[in-house]
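Engineer: The sequence and its predicted three-dimensional model are supplied below.
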Protein chains: 2
Amino acid sequence: MSGEDLKLLGTRSSSFVWRTVWALKIKGLEYTYIEENLYNKSSLLLELNPVYKKVPVLVHRGKPICESLVIIEYIDETWKENPILPEDPLERAYARFWAKFSDEKLAESAGQVLRTTGEEQAKALERMTEAMEILEREISGKKFFGGDKIGYLDIVIGWSAYWLQFLEEVGCFKAMDSTKYPCLHLWMKNFIEFPLIKKNLPTPDELLSTFRPYRNMILARTKG
Amino acid sequence: MSGEDLKLLGTRSSSFVWRTVWALKIKGLEYTYIEENLYNKSSLLLELNPVYKKVPVLVHRGKPICESLVIIEYIDETWKENPILPEDPLERAYARFWAKFSDEKLAESAGQVLRTTGEEQAKALERMTEAMEILEREISGKKFFGGDKIGYLDIVIGWSAYWLQFLEEVGCFKAMDSTKYPCLHLWMKNFIEFPLIKKNLPTPDELLSTFRPYRNMILARTKG
């Protein structure tokens, strides 16, 4: 779909941005992508998201929408074809519950693991493990969280299927274990092989070249 | 509306519970209320919300829905009359954005202020002040966040119109200042005077008798 006056402000390394990209792709929407440098934020970003000064920001007909989960719901409510959230209110509630859980428990602790070392990192890794154990039970017996095809929860948790390996490499830790989380492991494989996702991912180098200096900068600050 | 097989597990002192009560009342729904003791959680609560073990939990036809914002959206999507969220996708996005902001910035820091003293409390109070300044600009010129009548964002931020004064009393701090936040102050007055809200509030004693021992317990732990 073209001519929608859609812009997306993002950074190539952010999984929060990519989940909104996946939502736009599910809907078949065309948009202009604007790469932001988070170490030197543009006046456009500061103007469009003055509260958080973060990406992603979706701009539709000049109106900014911020926060990735809010953006995905906006996309799903504005363009009805190829629904992202389930239709049934109870299933919608469960999808929103698990999205919040995975962002607050899994994504938060993964970020923390990347930013720390030693005992602090071990504690964050423990929180991550707890979240993965819970999600392992949740995905058990399903191809995707959304059922037979990817949906809201898949694109929200999707970062773990790709970003996690690079976080592990840079942060010198190991969270994923296919024998401990066989169902989550299978879901990750299915998710990453899903054509729409496979075609829309950053390169390993884009992630590594962002995570490495980020971790070093944070660790240098903590020491200093 | 009766015969809906609706139960709500809550505690009388929790504003997260009351926002779901207000949502149920807006819809005119009847429900069975079950008071939980968070210091001695029932097996029912542990079974219905095994992930967080928290209230509120709404149980509709035997199915549990957890997390207050998820519950409100569920209520609004299941019973369409007297809408709580705006109809327009952009307005819905803005309501969700500010709800997340107020929970993450205002409610979080208010809880922190209650649990701390000294420098730590001063820092949390500063975060609270920043959030209030932002919300002051947001509510400026409007009777309610929802327009002429209370809506989603009003019932999400509504705790600040009533709970805050008791948090201030118990935590020995002052966050609200009607000269600094005249629009927020007026909104608080309008909100608390709204008949449906006025009739559905805990008593001051229910709040004070919960917050006092809670703060003392946390401070004793921190010292120990």
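Structural biologist: Done, it's in. As the structure is a computational prediction, the values presented were derived from the model and not from experiment.

Engineer: Packing partners of the helix ranked longest in chain A?
Structural biologist: Criterion DSSP state H: the longest helix present in chain A is helix A:118-139. Counting contacts by 3 or more C-beta pairs under 8 Å, 6 or more residues apart in numbering or on different chains; DSSP states H and E, helix A:118-139 is packed against helix A:89-101, helix A:108-115, helix A:182-193. The way it works is simple: take the backbone N, C-alpha and C, and place the C-beta from them, glycine included.

Engineer: could you redo the last one with a cut-off of 6 Å?
Structural biologist: helix A:108-115, helix A:182-193 (3 or more C-beta pairs under 6 Å, 6 or more residues apart in numbering or on different chains; DSSP states H and E).

Engineer: What segments of chain A are strands?
Structural biologist: All strands of chain A, identified by DSSP state E, fall at A:6-10, A:32-35, A:57-60, A:63-66.

Engineer: Can I get the ones you listed in CSV including distance to B:Val21 and mean neighbour count?
Structural biologist: Output for the strands of chain A, formatted as CSV (distance: least, C-beta to C-beta, whole Å; neighbours: other C-beta atoms under 10 Å in any protein chain shown):
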stretch, distance to B:Val21, mean neighbour count
strand A:6-10, 39, 21
strand A:32-35, 43, 12
strand A:57-60, 34, 23
strand A:63-66, 30, 21
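
Engineer: near chain B, which residues of chain A?
Structural biologist: Residues of chain A lying near chain B by C-beta under 6 Å from any C-beta of the partner chain: A:63, A:65-67, A:70, A:74, A:77-78, A:89-90, A:93, A:96-97.

Engineer: try it again with 7 Å
Structural biologist: With C-beta under 7 Å from any C-beta of the partner chain as the criterion, chain A meets chain B at residues A:51, A:63, A:65-67, A:70, A:73-74, A:77-78, A:89-90, A:92-93, A:96-97, A:100-101, A:134.

Engineer: Counting neighbours, which of those end up buried?
Structural biologist: Buried by 16 or more other C-beta atoms under 10 Å in any protein chain shown: A:65-67, A:70, A:73-74, A:77-78, A:89-90, A:92-93, A:96-97, A:100-101, A:134, out of those.

Engineer: ok so, going back, out of the helices and strands packed on helix A:118-139, nearest to B:Ile218?
Structural biologist: Checking the helices and strands packed on helix A:118-139 against B:Ile218 by C-beta to C-beta gives helix A:108-115 as the closest, at 22.1 Å.

Engineer: how does chain A divide into domains?
Structural biologist: What automatic domain parsing lists as the domains of chain A is A:6-78, A:89-223.

Engineer: Can you redo the ones you listed as JSON lines, where the extra columns are mean pLDDT and distance to B:Ala122?
Structural biologist: Output for those, formatted as JSON lines (pLDDT from 0 to 100; distance: least, C-beta to C-beta, whole Å):
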{"stretch": "domain A:6-78", "mean pLDDT": "97", "distance to B:Ala122": "23"}
{"stretch": "domain A:89-223", "mean pLDDT": "96", "distance to B:Ala122": "23"}
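
Engineer: I'd like the ones you listed laid out as JSON lines, including distance to B:Tyr214.
Structural biologist: JSON lines is the format used below for these (distance: least, C-beta to C-beta, whole Å):
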{"stretch": "domain A:6-78", "distance to B:Tyr214": "30"}
{"stretch": "domain A:89-223", "distance to B:Tyr214": "22"}
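
Engineer: quick one, what contacts the nearest residue to A:Tyr33 once chain neighbours are set aside?
Structural biologist: Excluding the flanking residues, the one nearest A:Tyr33 by C-beta to C-beta, 6 or more residues apart in numbering or on different chains is A:Leu8, at 5.3 Å. Contact partners of A:Leu8, counting by C-beta atoms under 7 Å, 6 or more residues apart in numbering or on different chains, are A:Thr20, A:Tyr31, A:Tyr33, A:Ile34, A:Pro56, A:Leu58.
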